[in-house]
Structures are given as structure tokens and as C-alpha cells.
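Peer 1: here is a sequence together with a model predicted from it:
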Amino acid sequence: MGDLADAYSALTPSSNRTEVGKVLQSIVLAPGFTVSESTRTKLLKNLLNDIKTAGSDSRISDEDASQAILAVKMLGRNPQGSDHLATESGLSDLLNIASNLKEKGHLDAACEALRCIANAMLLFEGGRSTFISEEVKGGQVCLKMLNEAATSDEIFILSRILFFTTVSRSPFIIWLIEESHDGRTITDIIEDKLDLALSRYLKNNKANLAQEAIADLLKFVFNLLLYYPKMVDCVSQSSSLPSLSSNEAKIMGDFWSPKLDGFLPPILELYLSLPTPNTEPTPLHPPLTGAIHSLITIPVNNALRSKWFHTSSTERPDVVQHTQDLLDKSLSFYLPESESPDSEAIRDFVKTKHPSDDLDDILSPIIILATRLCIGDLSARNRICNWMVPEDMDRDPEKPLDERSNTLGRCIRLMGSVYHKRLKESVGELLYAMCGQDAGVLCSKVGYGHVAGFLFEKGVMSAPTAESSGDGGGDSTSAATATATLTSANGETEGEGTDERANARATLESEMTFAGPSDTRQINPITGTYIPEKTSNPMDDMSEEEKEREMEKLFVLFDRMEKTGALNPEQNPVRKAIKKSMQQ
């Protein structure tokens, strides 16, 4: 469609403004596939030059600038022929145009010019480093504009540009964190803009635009929190972690710099203030998810504990209560009633709500946040543990823990998931953390059978003894042995009718029970539910056929673990149990 370039080239500074407007409109409306690569390149260069020199000596007047920028934006959406926008010259022109338009009061047109920059950086990765080069210095200009931004639209597009400039490690990130910017730190600027956007979002003043502004601002912040600790010498958050130089690999959350402490208050305030609907659209959605992603990079340490658990005079829930509420709402929404997380219906439902994400991506962050709270603070750990497994919890054997429609039941069902490996691991770490990372306490709370696979992955090859649990929760000394003797390495029944099988069953029957510290009723150490009072052993009332069926279920469980790679063959307790039985 070369006539577009010809039509535009035919315009002169003296051309009628109506004629100029028609040509610009034809460029805006032209379908992308109808414009050749050479035509697009020629038009973009001419348009940028004319907008930059807008006035009496240019084809474009100040009044035409908005439409001309729109034409540039539409042309730049197609990467074929628009690579000029990502060059040093193109980015510098767009940046100067945006600054000049803003100074002249054409804020909407200035934002459109910034959108052209963001789009070029999206399409052409090389443009990101070019933009923050010494020749362009786009990062410095955009940060200054963000500091002065007073609208959600400005905050949104400037945050998106800064997000692109920080998607990989660069000296620009260190400059952002360590330098003063017109007398303010980067955390001061971020806090100011988050407060501004949040107030407009909560007042429903152009809520959608404010929501997008918060979401992109948090993406930018996440990049800073992710990369800065990896680029400089930082404080290890665990005494067990080795000292690493800035050039060595560091895991997110393991190392931290006090220079980032200022990010916590505004992000936490945002997290606690954003509304969380029970149902639609979903309990977890931007910008709330962005706040969660940022929070899980920030340690719960001594220096920050007062900020994490600061309580205001309002009746608003604190971070622990809010996280519990959000976790409960989210699990209830995505895993209704007592349905298996691996069911096709659940997976289809998730796809309708999040076409590009799976359940692992959606739920893991909030679970990780709860886990970090448990690990970092004793009070938070006890609150979450007592919420998940209250002392007076109903342990009725007619209501197995893994079939209940509460948070604990959903977590236990996720522990047995085949489709959601990352989520399964995250839930296991949460349960482990809320029990003080003590396998004995964990088993006494929920039953060894529900966490056996997770503990094997942690290197716990047998159920811990009562002494190791440290909470008087009962004796689960041989729960692992009892469970281990029920399956074979290949998932098939071994030793049926033999002494080995008899020994395995005897082990199970002799160690199925333990007494609670404040209750005379006995608890099945495998299931975590009470054993009926009418018998000291739940297997006494089972026929041989029923016992066989129950043991076959456990055979299948360990076989699945081995086949999916969750359990190494040499770690399979069945192999060890059968071998031990044969030696007796």
C-alpha cells in the first residue's frame, strides 16, 4: 500500500489541516497486512521527524500531533518494518516527543508516545538495553516522569516501560536502588504512586485504569526485588546458607539487602487493602497477585518483623488473618466441596477462569506466602497451625481428613495430586512449616499416611518417634514401617499368603494407635482420625477381604509415587519392609 507513503509525502507545511487529518486517519485505519515493510519504515521515519519538529515548518502542527502519534502507534504494532522505533534514533525521538507534548499540556498524546516506546520494547528485545543506554538515557527520563506522574494512565505506561528495562540484570537496576532521584529514593516514589493509584482504585475513579497501573507498577517492583539481591553482596537469610558473591547463583528469598526494606510497607498496605471477592471474577487476580508475588521475595526477619506484623487501630485483619482468609477463599473457589484436584472438571473450570495458567501458577504464591510467615515468625506459625488443625478438631473416623470440604481437607487432597506437582510440594512445605518443620508434629497433626510421600522427599525414610515430635501429640514411632509393609516396589501384592505378608500385617495392627495428651481416645497414626472406642484396633472389625482391599489401596499409592518419580525405587519403603520381614 505504497500510496499511503506517497500521500503523506505529498503533504506540505501549507497543506490544508483537513487534508492532513484525512491522510493521517487513512494511515490509522489501514489494515496492518496492507502496508508493506518498506512503506511502514518510510512512514514511521517521516512521521517521527515531522512530529518532533511540529509547527509552521512541518507537515504536522501541534493540533495534529495526537493523531500523528496514533498513526505511529498503529504502524508500530506490526514488527515488519517497525524496527526503527527500537533503535537509538527512534527511541530518542519518541522520548523527546513525549516530554515535549507533556510540557505543552497534551498529556494524552504524550502517553500515546510512551505507548509506542513500550510496544517497541515488547516487540524488539534489543530495544530494552538501547533505551537505558548512555546515549538515550530513557530509564532516567521515565523515572523522572513517574515521579511527577499524577494520573493512572501515566503511572501505568511508565511502569510498563520500566518493567521492560528491568526484565534482566543491568547496572540500571543498581542505579535505581542506590541513587537519589531528585532527593527521593525509588521506594519513596513507588510508595507515592501505589498510594495514588490505590486511592483511585478503591474510589472506583477509572478503576480499571488504576488497576492496570497498580499491576504494572508491581511488576516493575518485583523485578527490582528479584534481581538486586542477586547483583550485590547481600545478607543471607539463613545460617545454613553459604556466603555467595554477587556473581554466584542466588535463590530468590535466600539473600536480602536492607536497601530494599522500604518496599515492604507500601506493598503490604496494598495487599491488605485490595478487595478480595469470594467468587467472581476470582479470589486471586491482578493486582492482588502482583502484591503476593512481591511479598514472597521479602524475608520475614528480625529487622522487618515489626513492619510485617504491624497492627493499626482499625479492625482490618493483619497479614496472618488476611492470608488465611485469602487462602481459604481461593482453595474453596478452585477446589469446591471434596472433589479431587486431579478431576477433569476441576481442570476445565480452572481453564475457563485462567486460560493461560494452571492451578500450580495460581495457588502456589499464596501458599508460599503463608509458608514464609510460618517460618519467619513463631506467633504466625502457631496461628496458622491452630487455624488449619485446631486442638478441638473433629477427628471422627466417619469423616476422613482427606475427604473434608475445609482448608485442611483440600490441602491433604493436593498432597496426593498427580497433575499439580509444584502445588503439591508447596502445600507440603506449608504443612511442614506450620508444624515447626518437625516431621513428628506433622504426623501427629494430620496422620503419617497423608504426608508419607512428602516426608520421603524430605529424606525422612521412616515415621519419626514420639520424642522427635516434641509436642506430646502421641506416639507414631512405627507408622512408617506399618505403612511401608503394605506395598511392593512394582505396585503388585508381594508375599501373599507368606510369612512376609503376615509379618507386615502384624506390624500394621500392632502400631495403628497412639494416645493424645488430653484425650483418652486413641488416634490412628496413619489417618489422623480417632479409632472407634468399641475396639482398640480398627482392623479387628474388618474381614480378611476388607483388609486385603485396604492394603491394595496402599500398594497402588506407593506404586504411583514410584512411577511418577516422587519416590526412588531404592527409597521405596516396601522393598525395605519386605526385605526386613524376610530376614526375621
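Peer 2: Looks like it arrived, so ask away. Numbers count the residues shown, from 1 in each chain.
Peer 1: touching, A215 and H285? I think so.
Peer 2: No - assessed by C-beta atoms under 8 Å, A215 is found out of contact with H285, at 9.4 Å. All C-beta atoms are positioned from the backbone trio N, CA, C, and that covers glycine.
Peer 1: as a check, name the ranges of all strands in this protein.
Peer 2: Secondary structure of the chain (DSSP state E): strands located at 235-236, 255-256, 514-516, 519-523.
Peer 1: where among these is the average confidence lowest?
Peer 2: Out of these, the stretch the model trusts least by mean pLDDT is strand 514-516, with a mean of 43.
Peer 1: what ranges do the helices span in the stretch 251-400 of the chain?
Peer 2: Secondary structure of the stretch 251-400 of the chain, counting by DSSP state H, counting those that start in this stretch: helices at 264-273, 288-295, 305-308, 319-334, 344-353, 359-376, 378-388.
Peer 1: let's have those helices in CSV, adding mean pLDDT.
Peer 2: Formatted as CSV, the entries for the helices of the stretch 251-400 of the chain read as follows, by pLDDT from 0 to 100:
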stretch, mean pLDDT
helix 264-273, 95
helix 288-295, 96
helix 305-308, 94
helix 319-334, 94
helix 344-353, 91
helix 359-376, 95
helix 378-388, 96
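Peer 1: between those, which gets nearest to F456?
Peer 2: Each of the helices of the stretch 251-400 of the chain has some distance to F456 by C-beta to C-beta; the shortest is helix 359-376, at 19.4 Å.
Peer 1: can you pull the contacts of L369?
Peer 2: I292, L295, I296, T323 (C-beta atoms under 8 Å, 6 or more residues apart in numbering).
Peer 1: the stretch 401-550 of the chain: helices as residue ranges?
Peer 2: Secondary structure of the stretch 401-550 of the chain (DSSP H, counting those that start in this stretch): helices located at 407-415, 421-434, 439-446, 448-457, 466-469, 479-484, 499-510, 544-563.
Peer 1: same question, the stretch 1-150 of the chain
Peer 2: For the stretch 1-150 of the chain, helices defined by DSSP H, counting those that start in this stretch occupy the ranges 2-9, 17-29, 37-52, 65-75, 88-103, 107-123, 126-131, 138-148.
Peer 1: the domain parsing of this structure - what is it?
Peer 2: For the chain, the structural domains run 1-136, 481-584, going by automatic domain parsing.
Peer 1: which one of the ones you listed lies nearest to Y419?
Peer 2: That would be, of these and by C-beta to C-beta, domain 481-584, which comes in at 10.2 Å.
Peer 1: re earlier: worst average pLDDT in the helices of the stretch 401-550 of the chain?
Peer 2: Among those, helix 479-484 carries the lowest mean pLDDT, a mean of 35.
Peer 1: just want the most central residue of the chain.
Peer 2: Taking C-alpha atoms, centre = their mean, the centroid of the chain lies closest to P365, which sits 3.8 Å from it.
Peer 1: thought that residue was touching S294?
Peer 2: No - under the criterion of C-beta under 8 Å, P365 lies out of contact with S294, with a separation of 9.9 Å.
Peer 1: which neighbours do these two share?
Peer 2: Taking C-beta under 8 Å, 6+ apart as the criterion, P365 and S294 do not both touch any residue.
Peer 1: so, low pLDDT: which residues of the protein?
Peer 2: Low-confidence segments of the chain, defined by pLDDT under 70: 1-2, 205-206, 237-251, 253, 277-280, 312-314, 461-520, 533-540, 574-575, 583-584.
Peer 1: biggest helix in it by residues?
Peer 2: Counting by DSSP state H, the longest helix found in the chain is helix 207-231.
Peer 1: helix 288-295 and that helix, what's the angle between them?
Peer 2: Computed by axes from the mean of the first three to the mean of the last three C-alpha atoms, to 10 degrees, the angle separating helix 207-231 from helix 288-295 equals 20 degrees.
Peer 1: so how far is helix 207-231 from its chain's centroid?
Peer 2: Distance of helix 207-231 from its chain centroid, counting by C-alpha atoms, centre = their mean, to the nearest Å, is 13 Å.
Peer 1: need the contacts of L369 in TSV with neighbour count and distance to A207, can you?
Peer 2: What follows is the contacts of L369, written out as TSV (neighbours: other C-beta atoms under 10 Å; distance: C-beta to C-beta, whole Å):
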residue	neighbour count	distance to A207
I292	21	20
L295	27	23
I296	21	26
T323	24	24
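Peer 1: relative to G528, how far out is the closest residue in space to D108 that isn't next to it in sequence?
Peer 2: In space, D108 comes closest to S66 once its chain neighbours are excluded; the distance is 6.6 Å by C-beta to C-beta, 6 or more residues apart in numbering. When distance is defined by C-beta to C-beta, to the nearest Å, S66 is 66 Å away from G528.
Peer 1: who's more crowded, the two?
Peer 2: Neighbours were counted for S66 and for G528 using other C-beta atoms under 10 Å; G528 has more, 26 against 18.
Peer 1: roughly how far apart are the closest residue to the more buried one other than its chain neighbours and C435?
Peer 2: Leaving aside its sequence neighbours, G528 sits nearest to G447 (C-beta to C-beta, 6+ apart; 2.8 Å). Per C-beta to C-beta, G447 is found 13 Å from C435.
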